[in-house]
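S.K.: Requesting a structural model of the entry that follows:
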Amino acid sequence: MDLRQHPEKFHGYCRMSVRSFDVLLASLRPGLTFQDTNMRRCISPEERLIVTLRFLATGNSFSSLHFEFLLGVSTISRIVRQTCDVIWQTLRGAVMPEPVADLWIQIAEGFYVDAQFPNCIGALDGKHIRVKKPPHSGSRYFNYKQYFSVVLMALADSKYKFIIVDIGAYGSTADARIFSTSRMGARLQANQLALPKPRLLPGSTGPPAPFVIVADEGFALTPHVMRPFPRRNLTDSVTAGVYLTIG
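M.R.: Next comes the predicted model:
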């Protein structure tokens with residue numbers, strides 16, 4: 001059955017519309033096109049992309065996809081890795097461009113409109129991605145949730161869109177350390193992220209306040225990272241006092 005003739009089934013299978021698939025394929029085709037050999041014909045860009053999308057959409061094992069596409073397990077593994085690399089190299093400039101001052105201002109305006117939080121340029125957190133224990137890795141990937149993982153550290157805007165990502169840290173490493181040793185954290189600390197100059201908060205007469213990232217209490221408080229009070233040091237009376245002061 002040709003899934004293209006059934007748009008709803010195509011969307012359910014690939015998690016995207018036929019039109020989106022074609023637009024994506026047109027961008028990736030040069031990087032997914034290989035030469036035929038005397039021994040065999042190469043796998044088409046269309047099939048490479050749909051195999052990868054199926055893997056990303058379902059998380060099915062390579063062994064399961066082997067029966068679904070009648071391709072070798074090692075071939076599927078290679079296709080997924082190559083295609084993901086081509087997707088990143090081809091689209092990262094358009095999907096996740098280098099932030100500049102004007103972009104930070106737009107993000108801040110979005111947070112003010114959506115969350116009434118002024119001068120906020122992103123929400124920061126880490127996400128543990130479950131993996132099989134890599135050989136000879138000891139406990140480096142074993143996290144506090146009692147499974148093996150790598151960490152996706154991401155800064156997102158008020159629409160949940162990623163602005164900057166850092167992927168691949170050991171699951172055993174704390175979020176604060178991952179951020180401080182990441183390129184993102186290092187550039188923030190060195191004032192190399194082209195942040196706008198501090199500006200007055202709405203309804204304030206000064207002094208100007210810096211633009212900040214919001215994070216949970218697992219991160220350190222810095223001039224550009226805002227985090228809540230540690231819950232271990234808060235009592236009901238202190239919390240009530242904070243709310244009364246704010247109110």
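S.K.: Check which helices and strands the strand or helix carrying Ile76 is in contact with.
M.R.: Following DSSP states H and E, one finds Ile76 within helix 73-95. Judged by 3 or more C-beta pairs under 8 Å, 6 or more residues apart in numbering; DSSP states H and E, helix 73-95 is in contact with helix 18-32, helix 45-58, helix 62-69. Every residue, glycine included, has its C-beta placed from N, CA and C.
S.K.: Now distance to Gln89 too, for those helices, in TSV please.
M.R.: TSV is the format used below for the helices and strands packed on helix 73-95 (distance: least, C-beta to C-beta, whole Å):
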stretch	distance to Gln89
helix 18-32	7
helix 45-58	14
helix 62-69	22
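S.K.: Give me the residue ranges of the chain where confidence is low.
M.R.: Across the chain, the ranges flagged by pLDDT under 70 are 1, 233-247.
S.K.: Please pick out the residue of it most distant from its centre.
M.R.: Asn38 (41.2 Å; C-alpha atoms, centre = their mean).
S.K.: roughly how far apart are that one and Pro45?
M.R.: When distance is defined by C-beta to C-beta, to the nearest Å, Asn38 is 21 Å away from Pro45.
S.K.: next one: Asn119
M.R.: 45 Å.
S.K.: Wasn't Lys127 part of a strand?
M.R.: Yes - Lys127 forms part of a strand when assessed by DSSP: H, G, I helix; E, B strand; the rest coil.
S.K.: Excluding sequence neighbours, find me the nearest residue to it.
M.R.: Leu152 (4.5 Å; C-beta to C-beta, 6 or more residues apart in numbering).
S.K.: Do I have it right that the one you found meets Phe162?
M.R.: No - with contacts counted by C-beta atoms under 8 Å, Leu152 stays clear of Phe162, the gap being 9.3 Å.
S.K.: now the strands for the chain?
M.R.: 120-130, 149-156, 162-170, 212-214, 225-226 (DSSP state E).
S.K.: Select, out of those, the one closest to Leu24.
M.R.: strand 162-170 (17.5 Å; C-beta to C-beta).
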